[in-house]
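Chemist: Sequence first, then the predicted structure:
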Amino acid sequence: MRRRPFAKKPLEVELFPFLSILACTIGTLILLIIVLTTQLLKNERAITIIAKQETTGENQGKIPKYIECREDGVLLHPSKVFVPKSDINNQRSPLNQLIREVQKNKDKQYLIVVLRPQGIDVFQQVRDIVEKQGIDIGYEPIDEDWTLKIEEVNNNEN
């Protein structure tokens with residue numbers, strides 16, 4: 001008896017599982033791109049200022065005290081005490097109390113003014129008061145829409 005020849009079936013490769021995995025991967029990557037893009041396009045920007053004792057320069061060994069000049073007044077940091085523009089020259093205001101404290105300790109402390117664009121007039125008033133007391137002053141301009149966060153650090157760190 002003769003054997004019947006076997007008809008070879010052509011080898012078939014099915015791509016459906018591979019295409020399913022590829023579609024899921026592309027979908028996941030698109031989702032990641034959308035999430036990252038929306039986070040980057042947010043209008044809110046934040047700046048963090050670290051209150052650190054200077055190790056070089058004129059203010060070496062001095063501790064900075066921060067105040068923020070806005071259009072409507074001054075915000076003291078880190079206590080978040082607000083002094084309206086009308087009370088800047090009031091001797092009993094928290095701002096003038098801070099200035100007197102820094103003036104008494106001017107060999108150990110100095111002022112840094114965070115300056116917003118709309119707070120230039122307030123900054124001029126504050127600078128006049130501070131310069132009359134002979135206190136060292138610095139300033140840090142920031143945009144109007146930035147969120148400000150001031151962190152205190154251990155002054156023994158470098």
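Modeler: Yep, it's here. Computed from a prediction, not measured in an experiment: that's the story for all the values here. Numbering: from 1, shown residues only.
Chemist: Distance-wise, check the closest residue to V122 other than its chain neighbours relative to K85.
Modeler: Spatial nearest neighbour of V122, chain neighbours left out: C69 (4.4 Å); criterion: CB to CB, 6 or more residues apart in numbering. The way it works is simple: take the backbone N, C-alpha and C, and place the C-beta from them, glycine included. Distance of C69 to K85, given as CB to CB, to the nearest Å: 10 Å.
Chemist: Between those two, which has more neighbouring residues?
Modeler: Between C69 and K85, counted using other CB atoms under 10 Å, C69 has the larger neighbour count: 25 against 16.
Chemist: How about the contacts made by the residue nearest to V122?
Modeler: 113-116, 119-120, 122-123, 126 (CB atoms under 8 Å, 6 or more residues apart in numbering).
Chemist: hey, where'd the helices end up in the chain?
Modeler: Using DSSP state H, the helices assigned to the chain run over residues 16-40, 94-104, 120-132.
Chemist: Mean neighbour count added to these, as JSON lines?
Modeler: Conversion of those to JSON lines gives the following (neighbours: other CB atoms under 10 Å):
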{"stretch": "helix 16-40", "mean neighbour count": "10"}
{"stretch": "helix 94-104", "mean neighbour count": "17"}
{"stretch": "helix 120-132", "mean neighbour count": "15"}
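Chemist: Please work out how many residues are found near I88.
Modeler: 18.
Chemist: Now it. Its backbone dihedrals?
Modeler: Backbone torsions of I88, given as degrees, to the nearest 10, read phi -60, psi -40.
Chemist: In a markdown table, list the helices of the chain along with mean pLDDT and distance to V81.
Modeler: What follows is the helices of the chain, written out as a markdown table (pLDDT from 0 to 100; distance: least, CB to CB, whole Å):
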| stretch | mean pLDDT | distance to V81 |
| --- | --- | --- |
| helix 16-40 | 89 | 33 |
| helix 94-104 | 90 | 5 |
| helix 120-132 | 89 | 14 |
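Chemist: Tell me the one of the contacts of C69 nearest I33?
Modeler: Nearest to I33 among the contacts of C69 is R116, at 34.2 Å by CB to CB.
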